[in-house]
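Q: Fold the following.
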Amino acid sequence: MGVDLIPKNKSSHGLKYNWSGYRYICQFALRHGVPTEEFVYGIVGIMSSEFISAETCRRMAKAIEANAAEYNAAFGGNPKPNGYGDAPAEEHARFWRESQGLRID
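A: The predicted structure follows:
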């Protein structure tokens with residue numbers, strides 16, 4: 001069980017974080033200057049917001065790229081296909097950037 005991020009851009013795949021991973025994403029965003037008002041679902045555990053805007057997604061992509069080592073330390077190490085692989089920051093930053101906004105499920 002976790003949080004699925006569904007891109008508005010239908011040609012892109014989704015991204016799934018378990019609850020602790022999504023909580024980490026919210027904290028990561030706060031540490032790196034990305035506004036988290038749209039991330040409320042993971043912070044308080046209720047569906048207060050269903051969408052993350054394209055602008056916030058681009059800011060998140062930049063934060064992931066600028067702090068790739070930190071991101072990889074948190075999410076890397078799980079072998080594919082079931083995990084993200086050793087260094088998912090580049091792929092995940094591309095996902096956030098190309099999503100054109102996200103729906104939280």
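Q: any idea of the mean pLDDT in the helix or strand harbouring Arg23?
A: Arg23 is located in helix 19-31, with elements delineated by DSSP states H and E. Per-residue pLDDT values across helix 19-31 average out to 91.
Q: buried sites along it?
A: In terms of neighbour count (16 or more other Cβ atoms under 10 Å), helix 19-31 has its buried residues at 21-26, 28-29. (C-beta placed from N, C-alpha, C; glycine too.)
Q: for the longest strand along the chain, packing partners?
A: With DSSP state E applied, the strand covering the greatest number of residues in the chain is identified as strand 2-7. On a contact count with 3 or more Cβ pairs under 8 Å, 6 or more residues apart in numbering; DSSP states H and E, strand 2-7 meets strand 15-18, helix 19-31, helix 89-98, strand 102-104.
Q: Save the ones you listed as TSV, and put in distance to Lys62 too.
A: What follows is these, written out as TSV (distance: least, Cβ to Cβ, whole Å):
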stretch	distance to Lys62
strand 15-18	17
helix 19-31	11
helix 89-98	8
strand 102-104	16
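Q: circling back to that earlier point, could you point out which of the buried residues of helix 19-31 is nearest to Met60?
A: Minimum distance to Met60 across the buried residues of helix 19-31 is 6.1 Å, recorded for Ala29 (Cβ to Cβ).
Q: Nothing else from me, thank you.
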